[in-house]
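[1] kindly return the folded structure for what I paste below:
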Amino acid sequence: MATLVESLFKERKYPFVFSLLILLICVTLLIFSNSTSTTTFNRVVFYPDVKGQPSTTALVPPISIQKGQAPTQKVTHATTPKAEGLPQNLNPITIPKDEGLPDSELPITEPKDQELPQKQGDIDIVTVDVNIDWKLCEGPMARDIIPCLDNLRVIKALTSRRHMEHRERHCPDPTPRCLVPLPNGYKVPVPWPKSRDMIWYNNVPHPKLVEYKKDQHWVVKSGEYFVFPGGGTQFKDGVKHYIEYIQKTLPEIHWGKNIRVVLDVGCGVASFGGFLLDKNVMTLSFAPKDEHEAQIQFALERGIPATLSVIGTQKLTFPNNGYDLIHCARCRVHWDADGGKPLFELNRILRPGGFFAWSATPVYRDDERDQKVWNATMTVIKSMCWTVVAKTFDSSGIGMVIYQKPTSPDCYGKRKVNNPPLCQEKDGKNSSWYTRFSSCLSPLPVDSAGKLQSWPMPWPKRLTSKPPSLQSNFDAIEMFNKDTEHWSQLVSDVYANGLSINWARVRNIMDMNAGYGGFAAALIDRPVWVMNVMPIDLPDTLSIVFDRGFIGMYHDWCESFNTYPRTYDLLHSSFLFGNLSKRCDIVDVVAEIDRILRPEGYVVVQDSLEVISKLSPILRSLHWSVTIHQDQFLVGRKSFWRPEAGGR
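    The predicted model follows:
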């Protein structure tokens, strides 16, 4: 190369040399420009600066989407699109930005002629042509369908139901792409906190539970409402008395201080968790689908954290050492089954030093059957090195025992028989997605220095203090602190004031990729709760979320989530869809979001403009309103539209 340039100078070909030099400079500038203008987003480590950019609306040109293929197109900014060239069967859709929610007393009505009422100011006028033939789900279970729990073809073919296999996940393939119909007379849900005590009957029209539990005061039908008196199978004197009874039984339990994150197994309609909210306790209530008709649907309609799950043959989708206390009041779980594996699973998810409160007939009845269960359970309890720290009887005749998990591994080495053995966790990662129960005990967690992890700081200090499961090196702590600061500022500057969200109507929130739980932490002063979801293909930080005092679970967003339709008010994701679209069909993910969201609920997506341009037309094909803020925040608001039976 040097010889060539030297010969060019000798031959006095200066114009050519000068042109070559200019060309090299231009190429260098172009490469540098591209490298500085392209942002690489990391969900946990890095967030772009989002301040100081104007709000925009987007016009998406007509596209065609085939099943299995995500839409791709450019986004052109404009204020009013042109309607020429539209197919004859499609009219322009005028979609306003956000104009608040109707009064909760009014029933939902469908917009006519594909129009929503306009509002003065920033109106998003969009012409969309998306070739998705949306259809209603069909069948008697359609309005409450949960694809991975209602796969009847697989369930009927199971060779055993002994361990509740029929209540575990069996996802259909392919994923059904249909829209869930609304119950007749569906209304905007009763707002929190009123919803804790009463909900609309037509929103969850399942009266069988009223009759089945009429003597236990779980739920009562009163006119247009379901009313929840706070009763339960073990709550003879009401749930408030029962909660106080637990603390009197074991004064070391300080609700809302050292006990912040609780799991309620076999929760009924979740009154236990609902009333613990008054004490700053975050309780995740869970039960299998249809053990008692729609109990989890009742809980979520009330605005109480809940999910569908079962203690069957597979690990619960929670991290190791997460819960401060686990509660079971006649939860109908055979804890001693299969050599005690259900109790081994509780040991895995219970924090060292954490408590298990069990209120059931084997605790306080002397008949042969109950005593046999008690003795078998105590054999497993002792093998796990748990200790009985309290056992008592209430004036109503109800008894309770409280166990405590050890805080030191010394007991494990002193056992006469090493059964069950300690698990050999090679990589130290939490792995509970489609994983069968272990026949071993999870070892007590240690920090990066090899010391046993400490109990988190008392609430609310644990919200911002260093989580015990976070590595102690400077980089990890700095990253955690930056994440907390980032979400605090972003929620304050953008989410609370810059986006078209009526927060007064938001109670149940899901963060689809929670990271460190910073989004939930930034909302702590609002009357909301957040289900922090940890996608299985992203770095696992769910233990940190629990350490901070929040609840969450693992999930694969290429599958359906374990919840009833119409159970969340807002779904949030930050830089999730880019990677997700490489693994599964983004249209199927949007259909799942539509299933989960309540009518007039929101989805908030922070992502690249390329991803937003793919999502926008799909959401609009569902007759959602869509606005784009600062070129990276998409706010979609679900309408009441449903396709006609048999098609769109």
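[2] buried ones in stretch 366-383?
    373-374, 376-378, 380-381, 383 (16 or more other Cβ atoms under 10 Å). Bear in mind the C-beta positions are built from the backbone N, C-alpha and C, glycine included.
[3] so can I have TSV of those showing pLDDT?
    What follows is the buried residues of stretch 366-383, written out as TSV (pLDDT from 0 to 100):
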residue	pLDDT
Val373	96
Trp374	96
Ala376	97
Thr377	97
Met378	97
Val380	97
Ile381	97
Ser383	97
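[4] could I get those residues as CSV with distance to Trp433 and secondary structure?
    Converted to CSV, these look like this (distance: Cβ to Cβ, whole Å; DSSP: H, G, I helix; E, B strand; the rest coil):
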residue, distance to Trp433, secondary structure
Val373, 31, helix
Trp374, 34, helix
Ala376, 30, helix
Thr377, 28, helix
Met378, 32, helix
Val380, 25, helix
Ile381, 28, helix
Ser383, 27, helix
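[5] which of those residues sits closest to Leu463?
    Ile381 (32.7 Å; Cβ to Cβ).
[6] next, count neighbours for the residue nearest to Trp487 when sequence neighbours are not counted.
    In space, and not counting its chain neighbours, Trp487 is closest to Gly518: 3.4 Å by Cβ to Cβ, 6 or more residues apart in numbering. As a burial measure, Gly518 scores 26 neighbours (other Cβ atoms under 10 Å).
[7] so Gly518 makes contact with Thr484?
    Yes - at 5.4 Å, Gly518 counts as touching Thr484 under the criterion of Cβ atoms under 8 Å.
[8] need the residues touching each of those two.
    The contact sets of Gly518 and Thr484 do not overlap (Cβ atoms under 8 Å, 6 or more residues apart in numbering).
[9] can you tell me how far the residue nearest to Trp487 sits from Pro147?
    Per Cβ to Cβ, to the nearest Å, Gly518 is found 31 Å from Pro147.
[10] same check, this time on Gly552
    According to Cβ to Cβ, Gly552 stands 22 Å off from Pro147.
[11] neighbour count winner among these two?
    Set Gly552 next to Pro147 and count neighbours by other Cβ under 10 Å: Gly552 wins out with 27 against 20.
[12] wasn't that one part of a strand?
    Yes - membership of Gly552 in a strand is supported by DSSP: H, G, I helix; E, B strand; the rest coil.
[13] which residues does it contact?
    By Cβ under 8 Å, 6+ apart, Gly552 lies in contact with 318, 514, 517, 531-534, 542, 545-546.
[14] how about 7 Å then?
    Applying Cβ atoms under 7 Å, 6 or more residues apart in numbering, we find Gly552 in contact with 514, 531-534, 542, 545.
[15] just give me the closest of those to Gly339.
    Leu542 (27.5 Å).
[16] number of residues surrounding that closest one?
    28.
[17] ditto for the one 5 residues further on
    As a burial measure, the neighbour count of Asp547 was computed by other Cβ under 10 Å and equals 29.
[18] contacts only, for it.
    456, 462, 467-469.
[19] give me the subset of these lying in helices.
    Here DSSP state H is the test, and the contacts of Asp547 give no hits in helices at all.
[20] farthest-separated two in those?
    Going by Cβ to Cβ, the pair spanning the contacts of Asp547 furthest: Arg462 and Ser469, at 11.8 Å.
[21] how is Asn419 assigned, secondary-structure-wise?
    Applying three-state DSSP: Asn419 is coil.
[22] okay, it: pLDDT?
    At Asn419, the model reports a pLDDT of 94.
[23] same deal with Asp556?
    Note on Asp556: pLDDT of 97.
[24] i'd like the first residue to be 50 from this point on
    Sounds good: first residue 50 from here, last item Asp605.
[25] pretty sure Met449 is in a strand, no?
    Yes - counting by three-state DSSP, Met449 is found in a strand.
[26] which non-adjacent residue is nearest it?
    Leaving out its chain neighbours, the residue that sits closest to Met449 by Cβ to Cβ, 6+ apart is Ser408, at 4.4 Å.
[27] pretty sure the one you found contacts Gly446?
    No - between Ser408 and Gly446 there is no contact under Cβ atoms under 7 Å: 11.5 Å.
[28] so the two - more neighbours on which side?
    Between Ser408 and Gly446, Ser408 has the larger neighbour count (other Cβ under 10 Å), namely 24 against 9.
[29] next, that one: phi, psi?
    When quoted as degrees, to the nearest 10, the phi and psi of Ser408 stand at phi -120, psi 110.
[30] which residue ranges form the strands in the stretch 150-299 of the chain?
    Assigned by DSSP state E, counting those that start in this stretch, the strands in the stretch 150-299 of the chain fall at 172-175, 247-249, 269-271, 274-276.
[31] quick one: strands adjacent to the third one?
    It refers to strand 269-271. Using DSSP bridges, strand 269-271 pairs in its sheet with strand 274-276 (antiparallel).
[32] quick one on the thing from earlier: now, the most widely separated pair of the buried residues of stretch 415-432?
    So, the buried residues of stretch 415-432 by Cβ to Cβ: farthest apart are Val422 and Ser432, at 16.1 Å.
[33] do you know how far the residue nearest to Met449 is from Lys205?
    35 Å.
[34] what's the offset of the strand or helix carrying Pro666 from the middle of its chain?
    Using DSSP states H and E, Pro666 sits within helix 658-670. Put simply, helix 658-670 sits 22 Å off its chain's centre (Cα atoms, centre = their mean, to the nearest Å).
[35] over to stretch 485-496?
    On Cα atoms, centre = their mean, the centre of stretch 485-496 falls 24 Å from the chain's centre.
[36] list the buried residues of that stretch.
    Judged by neighbour count (16+ other Cβ under 10 Å), stretch 485-496 contains these buried residues: 486-487, 489-491, 493-494.
[37] point out where the stretch 400-549 of the chain drops to low pLDDT.
    Residue ranges of the stretch 400-549 of the chain with pLDDT under 70: 475-478.
[38] can you show me the strands along it?
    436-442, 448-453.
[39] give me the contacts around the shortest one.
    To tie it back to what came earlier, the one meant is strand 448-453. Strand 448-453 has contacts (Cβ under 7 Å, 6+ apart) with 298-299, 402, 404-408, 412-413, 430, 435-442.
[40] could you identify the buried members of these?
    By neighbour count, with 16+ other Cβ under 10 Å, these hold 298-299, 402, 404-408, 412-413, 430, 435, 439, 441 as buried.
[41] any chance of JSON lines for the buried residues of stretch 415-432, columns distance to Ser209?
    Compiled in JSON lines, the buried residues of stretch 415-432 are given as follows (distance: Cβ to Cβ, whole Å):
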{"residue": "Val422", "distance to Ser209": "22"}
{"residue": "Trp423", "distance to Ser209": "27"}
{"residue": "Ala425", "distance to Ser209": "21"}
{"residue": "Thr426", "distance to Ser209": "23"}
{"residue": "Met427", "distance to Ser209": "28"}
{"residue": "Val429", "distance to Ser209": "22"}
{"residue": "Ile430", "distance to Ser209": "27"}
{"residue": "Ser432", "distance to Ser209": "26"}
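[42] now, which of those sits nearest Asp574?
    Minimum distance to Asp574 across these is 40.2 Å, recorded for Ile430 (Cβ to Cβ).
[43] next up, the contacts around the closest one.
    Contacts for Ile430 (Cβ under 7 Å, 6+ apart) come out as Tyr452.
[44] make it 10 Å
    384-385, 389, 392, 396, 405, 407, 436-437, 450, 452 (Cβ atoms under 10 Å, 6 or more residues apart in numbering).
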